[in-house]
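Enquirer: Build me a structure from this.
(one chain, ligands or ions: 1)
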Amino acid sequence: MGASSTSPISLAAVPSEAERILALQRAAVAEHGAPSLAERILALDALLGLIKKHRQSLVETVSLDFGTRAAAETELGELMPLVAGIKHVRRHLGRWMKPQRRRPGLAFRPASARVAYQPLGVVGVMAPWNYPLFLTLGPLIDALAAGNRVMLKPSELTPRTAALLKNLLAERFEEDQVAVVTGGPDVAAQFSTLDFDHLLFTGSSKVGRQVMAAAAAHLTPVTLELGGKSPVLVCRDYPLKKAARTIAIGKFFNAGQTCVAPDYALVPTDLADAFADAVIEAAAELYPAIAGNADYTSIISGRHYQRLSGMIEEARGGGARVVQHTDPGAAAERKIGPTVLVRAREDSAALREEIFGPILPIVTYDDLDHAIRLINARPKPLALYCFSTDSAKVEGVLQRTRSGGATINGTLLHVTQADLPFGGVGESGMGAYHGREGFLRLSHARATLELGRFNMSDRIAAPYGKLTRAVTRLLLGK
Ligand code: NAD
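Expert: Residues are numbered from 1 along each chain as shown. Below you'll find the model as predicted:
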């Protein structure tokens, strides 16, 4: 935190809602200090209670915001990992919070050294629309576990869910502990300029850059959870139909509007067409109909629908083979059926931009080295998937590539593990949360050295004499 962290909020202008809440939360930090383990557990239990009590209305409200959002997707992809995350943190928090003993250097003894984990203070959380519960309440779990006060800014594209979260959290939390700020991009932009002790942003790399620049004014540390093009590498040894079905499950979950969805598939050149057909066959089994099917999720907005439709048409115009499973009523429900693109042009939007929808372009490769070169030619992705039963091959792929996280012979699932950190690297973000890493990310590790009664360290001082020479000789050599 910069020096300005202690300065009062400007009185010249009427403070915004977010500024008013920040001042309240800061005052509460100053007055109450760090909450005890029991208080943190109480807060986590309150959150768990709210999720369980309002499960039905949460599922229904998210679906209203999307048009159609499969109830099972909200339960499996949002509520389940939240509940598992709270239970995991609850179980381990006492151990994580314990100060750690460290060893003081020989020349500084007798002394004791320790690290204590303190709350940062007020944490800001900015969330996107695609998993509006998991990506808002997930960071809240870690922030509360670390003893912070929290301000949440949900996305404007899921306004009903944002309003519900605001009411629901107010049921169990005072505004000076947890508060929700709602509004559009203007409110979000202003939110990112606030003098938080930490700001956790989930969203696009483009807005992430703006958020980091805004936070720099106060030297507010940021965690950026961004997106990008996550590859799925299908190795020749893995049964093609099995890979296609598993990839279809992960890709078309939430209609592909998942930050860790496989963005493009790397497939041996001679298998590309067969793989495309197998993915679409599997999709037709998963979703026999698109229109009127409550299991298949709509595209969040007209703008995104146009963007994705444009991507398909551009690829078709460029000579790609478009393999699609859809039906005539889909457009009226703002749905795009599962789509695979074979031989899309390298300069097409589908191969340049993050897709974030139910479209899977195939990129072909000659051998494994070629596939790895193709992965490494792009910015480091948020996730990487590899399908192979050859563990040496898998290890080689993991060694020679970088990504935020990875699942082998599956997709998406590493994110749902309460005991694994979740975060990007390079262009896909910085800093990880969930579980112990989340607790550490939102805590300050304060180092303390306590000198013993007979400690000689104040004798090693000017005018430097024999003792200093003896110590430097001992530690540095003659
Ligand atoms: P987005 O970047 O457009 O918006 C994210 C948030 O930023 C929203 O709450 C919005 O209100 C706010 N915002 C908009 N303009 C802003 C500005 N000028 N200054 C500050 N904040 C502003 O992203 P999105 O469309 O909501 O979500 C899609 C993106 O999020 C994809 O790139 C996806 O990969 C990424 N994502 C990442 C993760 C992850 O955990 N790494 C998870 C989900 C989504």
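
Enquirer: what's the domain layout of the chain?
Expert: Per the record, the chain has its domains at 16-226+432-444, 231-423, by automatic domain parsing.

Enquirer: Around the ligand, pick out the residues from the chain.
Expert: Listed as neighbours of the ligand in the chain under the rule Cβ under 6 Å from any ligand atom: 126-130, 135, 153, 155-156, 185, 188-189, 192, 202-204, 207, 210-211, 225-227, 259, 354, 356, 382, 424, 429. From N, CA and C alone the C-beta is placed, and that goes for glycine too.

Enquirer: contacting residues around the residue nearest to Thr407 when sequence neighbours are not counted?
Expert: In this structure, Thr407 finds its nearest non-sequential neighbour in His414, 4.6 Å apart by Cβ to Cβ, 6 or more residues apart in numbering. Contacts for His414 (Cβ atoms under 8 Å, 6 or more residues apart in numbering) come out as Val260, Ala383, Gly405, Ala406, Thr407, Leu420, Phe422.

Enquirer: would you turn those residues into TSV with pLDDT?
Expert: Shown next, in TSV, are these (pLDDT from 0 to 100):
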residue	pLDDT
Val260	98
Ala383	98
Gly405	98
Ala406	98
Thr407	98
Leu420	97
Phe422	98
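
Enquirer: Out of those residues, which comes closest to Leu22?
Expert: Nearest to Leu22, judged by Cβ to Cβ, of the contacts of His414 is Phe422 at 26.4 Å.

Enquirer: List the contacts of that closest one.
Expert: Each residue near Phe422 by Cβ under 8 Å, 6+ apart is listed here: Glu225, Gly404, Gly405, His414, Val415, Ala432, Tyr433, His434, Glu437.

Enquirer: try 6 Å
Expert: Going by Cβ atoms under 6 Å, 6 or more residues apart in numbering, Phe422 touches Val415, Ala432, His434.

Enquirer: Find the nearest non-adjacent residue to it, please.
Expert: His434 (4.5 Å).

Enquirer: how near is the one you found to the ligand?
Expert: 10 Å (Cβ to the nearest ligand atom, to the nearest Å).

Enquirer: Please apply the same query to Leu368.
Expert: Relative to the ligand, Leu368 is positioned 27 Å away (Cβ to the nearest ligand atom).

Enquirer: how close does that residue sit to Arg459?
Expert: Using Cβ to Cβ, to the nearest Å, one obtains 63 Å as the distance from Leu368 to Arg459.

Enquirer: any idea of the pLDDT on whichever residue of the stretch 151-300 of the chain sits closest to the ligand?
Expert: Per Cβ to the nearest ligand atom, Gly227 is where the stretch 151-300 of the chain lies closest to the ligand, at 1.8 Å. We note a pLDDT of 92 for Gly227 in this prediction.

Enquirer: Kindly report the same for Gly250.
Expert: For Gly250, pLDDT reads 98.

Enquirer: Leaving aside the residues adjacent along the chain, what's closest to the spatially most central residue of the chain?
Expert: The chain has Glu225 as the residue nearest its centroid, 4.4 Å off, counting by Cα atoms, centre = their mean. Nearest residue to Glu225 in three dimensions, chain neighbours excluded: Thr202, at 4.0 Å (Cβ to Cβ, 6+ apart).

Enquirer: that older thread, which ones among the contacts of Phe422 lie within strands?
Expert: Members of these lying in strands (criterion: DSSP state E): Ala432.

Enquirer: so which of the contacts of Phe422 is the most crowded?
Expert: Using other Cβ atoms under 10 Å as the neighbour test, those are led by His434, with 25 neighbours.

Enquirer: and the gap between that one and Gly208?
Expert: Counting by Cβ to Cβ, the gap from His434 to Gly208 is 19 Å.

Enquirer: got it, and Thr339?
Expert: 27 Å.

Enquirer: Which one's more surrounded, those two?
Expert: Thr339 (29 against 24).

Enquirer: Pull up the per-residue confidence for the more buried one.
Expert: Reported pLDDT for Thr339: 98.

Enquirer: That one: what's it in contact with?
Expert: Counting by Cβ under 6 Å, 6+ apart, the residues that Thr339 touches are Ile312, Gln324, Ile359.

Enquirer: Who are the contact partners of the first one?
Expert: Right, Ile312. Thr339.

Enquirer: circling back to that earlier point, the residue nearest to Glu225 and Thr220: what is the separation?
Expert: Relative to Thr220, and taking Cβ to Cβ, Thr202 is found at 16 Å.

Enquirer: same thing with Glu39?
Expert: From Glu39 to Thr220 the distance is 25 Å (Cβ to Cβ).

Enquirer: hang on, the earlier thing: regarding the residue of the stretch 151-300 of the chain closest to the ligand, what is its secondary structure?
Expert: With DSSP: H, G, I helix; E, B strand; the rest coil as the basis, Gly227 sits in coil.

Enquirer: give me the number of residues near it?
Expert: 29.

Enquirer: wait, Pro421 sits on Gly429?
Expert: No: when contacts are counted by Cβ atoms under 6 Å, Pro421 is not listed as touching Gly429 (11.7 Å).

Enquirer: of these two, who's got more company?
Expert: Gly429 (26 against 18).

Enquirer: In the contacts of His414, which residue is surrounded by the most others?
Expert: Ala383 (29 neighbours).

Enquirer: got the contact list for that residue?
Expert: Ser230, Val260, Ser403, Gly405.
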